[in-house]
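Novice: using only what follows, build the 3D model:
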Amino acid sequence: MPSLMEDIRAIKEDDQRAFHQVYDRYHQQIHGFILQRTKSEYVAEEVTQLTFIKLWKQREILNERLGIDIQLYGMARQVMIDVLRKEATRFKYEGEYAETPFTDSLVDAIESKDLLQIMEQDIQNMPKMRRLVFELSRKQGLSHKEIATMFSITPKAVEYHIGKALLQLKQHLYSVML
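Specialist: Below you'll find the predicted structure:
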């Protein structure tokens, strides 16, 4: 079985066989991911198909340093939000006659919950010192000087850890928002 990075490289080079292998490997997972969030078979089917269409259409800009699974889930999440927004708009105009009623608040809730989970997971995966400094600064509201005193490091070192933490979060969020 080729590595995830080889899959990306092959897909970027228009290898349909590699694309079909990725499709076969991840179709059920993406479908389950969307079904779990929306509780709608229709939306899960639609989003799954649109995700793989998006993968093929955007193959030239795939990131070879980021796993195909991460990129696929990011695309699926974005497609799901787009589909739910479209459904919410349709429901607004069709009212009670619409078959699949979704609201903007559902879209916003899914979007917020997913982003918070992604960010929290990223924070937990940071090196210990970076995570501690970041959490003390952002979650506890401590100043750089207070954190520096706590760990017997310089305020510049605190700035460095926070900068690295923010960069890591921004990079991952960017990849998720593809």
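Novice: now do the longest helix along the chain, average pLDDT.
Specialist: The single longest helix within the chain, with elements called by DSSP state H, is helix 68-94. For helix 68-94, mean pLDDT is 79.
Novice: kindly report the same for stretch 32-49.
Specialist: The model assigns stretch 32-49 a mean pLDDT of 87.
Novice: next SSE after the helix or strand of the chain with the lowest mean pLDDT?
Specialist: Least confident helix or strand, the chain: helix 104-124 with a mean of 67, by mean pLDDT, DSSP states H and E. Where DSSP states H and E defines the elements, the next helix or strand beyond helix 104-124 is helix 128-138.
Novice: and the helix or strand just after that next one with helix 128-138, angle?
Specialist: With elements assigned by DSSP H and E, the helix or strand that comes after helix 128-138 is helix 144-151. Helix 144-151 runs at 140 degrees relative to helix 128-138, counting by axes from the mean of the first three to the mean of the last three Cα atoms, to 10 degrees.
Novice: would you mind listing the buried residues in helix 144-151?
Specialist: Within helix 144-151, the residues that count as buried by 16 or more other Cβ atoms under 10 Å are His144, Ile147, Ala148. Where you see a C-beta, it was placed from the backbone N, CA and C, and this is true even at glycine.
Novice: how about stretch 25-32?
Specialist: Buried residues in stretch 25-32, counted by 16+ other Cβ under 10 Å: Tyr26, Ile30, His31.
Novice: separation between Gln71 and Glu13?
Specialist: Remark: distance between Gln71 and Glu13 (Cβ to Cβ, to the nearest Å) = 16 Å.
Novice: compare these two and say which is more crowded by neighbours.
Specialist: Per other Cβ atoms under 10 Å, whichever of Gln71 and Glu13 has more neighbours is Gln71, with 20 against 10.
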